[in-house]
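With the input below, show me the fold.
(one chain, ligands or ions: 1)
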Amino acid sequence: MDGKLAIQQISDRLLAKFADLVYKRTGIRLSPQKKALLSNRLRRRLRETGIKSFEDYYKHIKNISEDDPEWDAFLQEITTHETFLFRDEVHWEWFQDQYLEQLAREARQGKRPRRLHIWSAACSTGDEPVTLACCIAARLPNAHLWDIKILGTDIGIGALQQAKQAKFGTRAMSRVPADYRQRFFNQLDDHTWQAKPLLTRWISYQQHNLLEPLRSGRFDLIVLKNVLIYFDVESKKRVLENILRVLYPGGYLLTGAAEGVANIRGSLKRVYPWLFQKPEDK
Ligand SMILES: C[S@@+](CC[C@H](N)C(=O)[O-])C[C@H]1O[C@@H](n2cnc3c(N)ncnc32)[C@H](O)[C@@H]1O
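Coordinates of the predicted model:
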């Protein structure tokens, strides 16, 4: 590596410009404490693109569109895609033992259609949509008679490309119950499992920025975990507005425990610290 490049640190002024650009386009707040980390990550982009300085790189990405591969590569460097199947056990207990039970009962009683449309927003590499599909396959009686759709969206194109392969490594699989692993995955080698079509037939993926309204679809349940933690209150409110517009009355919003939705939940009823329900239409 070019010695000069290796020691280059980003200036506070330029860091603020990067932070502003990222905030405007994604809602993510880059903290000034992340200066060293950002310098390291950006150095990698300079090396890959052949661009000579942070300043020139900033000018470059400022002028490219959000579907340019370099914008995605930049985003990959500054966002975390950390995820795994069955993350947060309590959420999946609720989903299987209460939510699916209730849906099945109400459908049997003719109180609701056999429809289950779920949006996993900011789904990263697809671990969350596949977890949802596992639970449905295991616990919803007569699932083949239901209209089931799971939409996974993320701002990161690279993450979604990986999600579409439905392949998961040892770490991502470590919380999957043994019988689900057996029934719903093919083991490809010692370290890789692939979700079976039995699950993936319900799932589709789409690139989407949470700051923008979703183009189509309405949902019974929206799962929004471990993403709003990077947003400030203004952006959170904007995301929440976009989300609530496509949630059916009576539908649920499942969030991460530290997402800070409770303070800005408006008319949403808080069921648990991480679960909210949209009021039914009067
Ligand atoms: C830590 S992952 C969360 C994955 C999964 N929801 C979970 O809880 O395991 C955060 C994801 O949010 C995505 N993200 C960040 N800003 C976004 C935005 N403005 N719109 C959509 N996705 C965004 C990132 O690309 C990343 O994949």
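
Could you look up the SS state of residue 260?
State at residue 260, reduced to three classes by DSSP: H, G, I helix; E, B strand; the rest coil: coil.

Kindly tell me how buried it is, as a neighbour count.
Residue 260: 16 surrounding residues under other Cβ atoms under 10 Å. For the C-beta atoms, the positions are set from N, CA and C on the backbone; glycine is no exception.

wait, doesn't it sit right on residue 229?
Yes. If you go by Cβ atoms under 8 Å, residue 260 and residue 229 touch, sitting 7.4 Å apart.

wouldn't residue 122 be in contact with residue 229 here?
No. Using Cβ under 8 Å, residue 122 is not in contact with residue 229, being 10.6 Å away.

Tell me who's in contact with the residue most central in space within the chain.
Using Cα atoms, centre = their mean, the residue of the chain that lies closest to the mean C-alpha position is residue 122, 1.8 Å off. By Cβ atoms under 8 Å, 6 or more residues apart in numbering, the residues touching residue 122 are 153, 154, 155, 210, 224, 225, 226, 227.

May I see those arranged in JSON lines, with secondary structure and neighbour count as well?
Rendered in JSON lines, the data for these read as follows (DSSP: H, G, I helix; E, B strand; the rest coil; neighbours: other Cβ atoms under 10 Å):
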{"residue": "153", "secondary structure": "strand", "neighbour count": "21"}
{"residue": "154", "secondary structure": "strand", "neighbour count": "27"}
{"residue": "155", "secondary structure": "coil", "neighbour count": "24"}
{"residue": "210", "secondary structure": "coil", "neighbour count": "24"}
{"residue": "224", "secondary structure": "strand", "neighbour count": "23"}
{"residue": "225", "secondary structure": "coil", "neighbour count": "23"}
{"residue": "226", "secondary structure": "coil", "neighbour count": "19"}
{"residue": "227", "secondary structure": "coil", "neighbour count": "24"}
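
Name the residues of the stretch 151-282 of the chain found near the ligand, please.
Residues of the stretch 151-282 of the chain found near the ligand (Cβ under 6 Å from any ligand atom) are 154, 155, 156, 159, 209, 210, 211, 225, 226, 227.

part of a strand, is residue 16?
No. Judged by three-state DSSP, residue 16 forms no part of a strand; its state is helix.

For the ligand, see how far away it is.
Distance from residue 16 to the ligand, counting by Cβ to the nearest ligand atom, to the nearest Å: 19 Å.

Number of residues surrounding that residue?
13.

So, low pLDDT: which residues of the protein?
Along the chain, the model assigns pLDDT under 70 to residues 1-8, 282.

can you pull out the strands in this protein?
115-121, 147-154, 167-169, 185-189, 192-195, 203-207, 219-224, 247-255, 269-272, 275-277 (DSSP state E).

List the contacts of the last one.
Counting by Cβ under 8 Å, 6+ apart, strand 275-277 makes contact with 94, 250-255, 261, 265, 268-271, all of which sit outside it.

Repeat the analysis, applying 10 Å as the threshold.
90-91, 94-95, 98-99, 221-222, 224, 240, 244, 247, 249-255, 261-262, 265-271 (Cβ atoms under 10 Å, 6 or more residues apart in numbering).

in its sheet, what does it sit against?
In the sheet, strand 275-277 lines up against strand 247-255 (antiparallel), strand 269-272 (antiparallel) (DSSP bridges).

for the second one, same thing?
Here strand 147-154 has these sheet partners by DSSP bridges: strand 115-121 (parallel), strand 203-207 (parallel).

What residues sit buried inside that strand?
Using 16 or more other Cβ atoms under 10 Å as the test for burial, strand 147-154 gives 148, 149, 150, 151, 152, 153, 154.

How many neighbouring residues does residue 29 have?
14.

give me every residue that touches the nearest residue to it once chain neighbours are set aside.
Distances taken as Cβ to Cβ, 6 or more residues apart in numbering put residue 232 closest to residue 29, at 5.3 Å, once the chain neighbours are dropped. The contact partners of residue 232, taken as Cβ under 10 Å, 6+ apart, are 23, 27, 28, 29, 260.

From the residues you listed, which land in helices?
In helices, defined here by DSSP state H, the members of those are residue 23.
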